[in-house]
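Need a 3D model of the sequence below.
(one chain, ligands or ions: 1)
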Amino acid sequence: MLTRRHALLGTATLSLAATGARAAEPIPVVVSFSILADFVREVGGERVRIDTLVGPDQDAHALQPAPGDARRIATARVVVLNGLGFEGWMTRLIRAADFKGTQVLASQGIRTLRAQHGHSHGHSHGHSHGHGHGHGQTDPHIWQDPKRAQVMVRRIAAGLAAADPAGKASYDANAARYNERLEALHAQVEAQYADIPRARRRVVTSHDAFAYYGERYGIDFLAAQGVTTRGEPSAQHISRLVQQIRRERITAIFVEGMANPRILEQVAAESGARVGGTLYSDALSGPDGPAPTYEAMIRHNTSRIAEALAG
Ligand code: ZN
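Residues are numbered from 1 along each chain as shown. Next up, the predicted model:
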């Protein structure tokens with residue numbers, strides 16, 4: 001009798017301790033890059049502890065993983081990545097770490113676009129990891145469309161819930177709340193372009209990161225580089241771009257937060273156009289910059305682009 005009571009008490013104490021430990025101990029989640037980490041932070045809240053492999057202002061296309069990165073993955077319970085060839089190194093790291101936890105592919109179920117190579121620089125992607133179908137390549141920059149971002153957010157909520165079923169209600173509620181904000185953000189962006197004639201909506205950037213944004217808001221983006229920042233654009237591609245900027249009197253020309261501005265500055269100099277500022281494409285800014293969150297990034301980019309197109 002005494003023994004049984006003791007056993008029962010013991011069980012109660014143990015399960016209390018387990019519950020307490022779970023609430024106090026956030027789930028370790030490794031996320032490939034800063035923008036995705038912002039989504040995971042919104043959805044996971046205090047239930048997750050996020051370790052971001054490619055931080056603010058860093059280029060995820062060009063990452064050379066350090067030996068420590070595989071260790072960081074090995075200690076995680078959840079790994080979140082974009083996929084679509086954006087962080088091909090991530091797949092290799094996951095394998096190297098012999099990761100047995102939950103993998104969340106944020107791009108799953110999203111309608112993708114084929115990469116636009118401009119005219120001539122298929123060969124500039126010689127170093128990029130093969131994600132092509134035939135000679136085309138899938139454009140990985142899905143997050144630039146606030147509508148697709150909402151699908152990513154739901155996918156992250158489902159992935160976190162799979163790893164942590166006790167948190168499902170919390171993840172779902174956070175995702176729903178955040179997606180309401182992203183829907184409002186989308187409406188704001190539409191409103192900002194409403195008065196700009198379709199024919200004027202042409203923007204030049206460093207690399208081809210804005211096709212999804214452009215498709216959503218009816219803007220043509222022309223880029224010095226293709227969908228990856230690896231490799232150099234051909235002289236012929238640059239010269240065509242310069243001619244097009246002159247011919248069409250394109251005024252909206254931007255460098256990117258994480259990318260080397262050299263090629264774009266060369267394009268601007270040769271075309272006589274002025275660089276209109278910085279857009280954030282594949283990375284957030286630091287906390288004191290203009291794009292420390294996804295929402296701030298979309299607002300910043302939209303304001304800069306709308307100003308340049310109106311002027
Ligand atoms: Zn990119």
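
what's the nearest residue to Ser303 if we skip its chain neighbours?
Closest residue to Ser303 in three dimensions, ignoring its sequence neighbours and counting by Cβ to Cβ, 6 or more residues apart in numbering: Gln192, at 7.2 Å. To be clear about C-beta, it is placed using only N, CA and C from the backbone, and glycine gets the same treatment.

Could you say which helix or strand holds that neighbour?
Assigned by DSSP states H and E, Gln192 falls within helix 168-193.

for the helix or strand hosting Arg154, what is the average pLDDT?
In the assignment (DSSP H and E), Arg154 maps to helix 146-163. Taken as a whole, helix 146-163 has an average pLDDT of 98.

The residue nearest to Ser303: how many residues sit nearby?
By other Cβ atoms under 10 Å, the residues close to Gln192 number 18.

wouldn't it be in contact with Asn301 here?
No - using Cβ atoms under 8 Å, Gln192 is not in contact with Asn301; the gap is 10.5 Å.

so what secondary structure elements neighbour the helix holding Arg154?
Contacts defined by 3 or more Cβ pairs under 8 Å, 6 or more residues apart in numbering; DSSP states H and E place helix 146-163 against strand 27-33, helix 34-44, strand 78-81, strand 102-105, helix 168-193, helix 211-217.

need the ones you listed in TSV with distance to the ion, can you?
Below are the helices and strands packed on helix 146-163 laid out as TSV (distance: least, Cβ to the ion, whole Å):
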stretch	distance to the ion
strand 27-33	10
helix 34-44	11
strand 78-81	14
strand 102-105	18
helix 168-193	20
helix 211-217	10
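
Out of the ones you listed, which is closest to Leu53?
Between Leu53 and the helices and strands packed on helix 146-163, the tightest spacing by Cβ to Cβ is seen for strand 27-33, at 5.5 Å.

in its sheet, what does that closest one sit against?
Within its sheet, strand 27-33 is paired with strand 48-54 (parallel), strand 78-81 (parallel), according to DSSP bridges.

Helices of the stretch 1-150 of the chain, residue ranges please.
For the stretch 1-150 of the chain, the helices defined by DSSP state H, counting those that start in this stretch cover 2-24, 34-44, 67-74, 88-96, 146-163.

got a list of contacts for the third one?
Applying Cβ atoms under 8 Å, 6 or more residues apart in numbering, the contact partners of helix 67-74 are Val30, Asp51, Leu53, Val79, Leu93, Ile94, Ala96, Ala97, Asp98, Phe99.

mind saving the C-alpha coords of that helix as PDB?
Included here for helix 67-74 are C-alpha records, laid out as PDB according to Å, rounded to 0.1, in the frame of the first residue of the first chain:
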ATOM      1  CA  PRO A  67      32.800  22.100 -39.900                       C
ATOM      2  CA  GLY A  68      30.900  23.500 -36.900                       C
ATOM      3  CA  ASP A  69      27.800  23.900 -39.100                       C
ATOM      4  CA  ALA A  70      27.200  20.100 -39.200                       C
ATOM      5  CA  ARG A  71      27.600  20.000 -35.400                       C
ATOM      6  CA  ARG A  72      25.000  22.700 -35.100                       C
ATOM      7  CA  ILE A  73      22.600  20.600 -37.200                       C
ATOM      8  CA  ALA A  74      23.400  17.500 -35.300                       C
END
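
what distance separates the helix holding Arg154 from the centre of its chain?
In terms of Cα atoms, centre = their mean, to the nearest Å, the centre of helix 146-163 is set 13 Å apart from its chain centre.

Report the buried residues of that helix.
Of the residues in helix 146-163, those scored as buried under the neighbour-count criterion (16 or more other Cβ atoms under 10 Å) are 146, 148-161, 163.

returning to what we had before: next, format the strands paired with strand 27-33 as CSV and append distance to Tyr178, mean neighbour count and mean pLDDT.
Written out in CSV, the entries for those read as follows (distance: least, Cβ to Cβ, whole Å; neighbours: other Cβ atoms under 10 Å; pLDDT from 0 to 100):
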stretch, distance to Tyr178, mean neighbour count, mean pLDDT
strand 48-54, 14, 21, 97
strand 78-81, 15, 26, 98
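
so who does Ala162 touch?
Ala162 makes contacts with Thr102, as judged by Cβ under 8 Å, 6+ apart.
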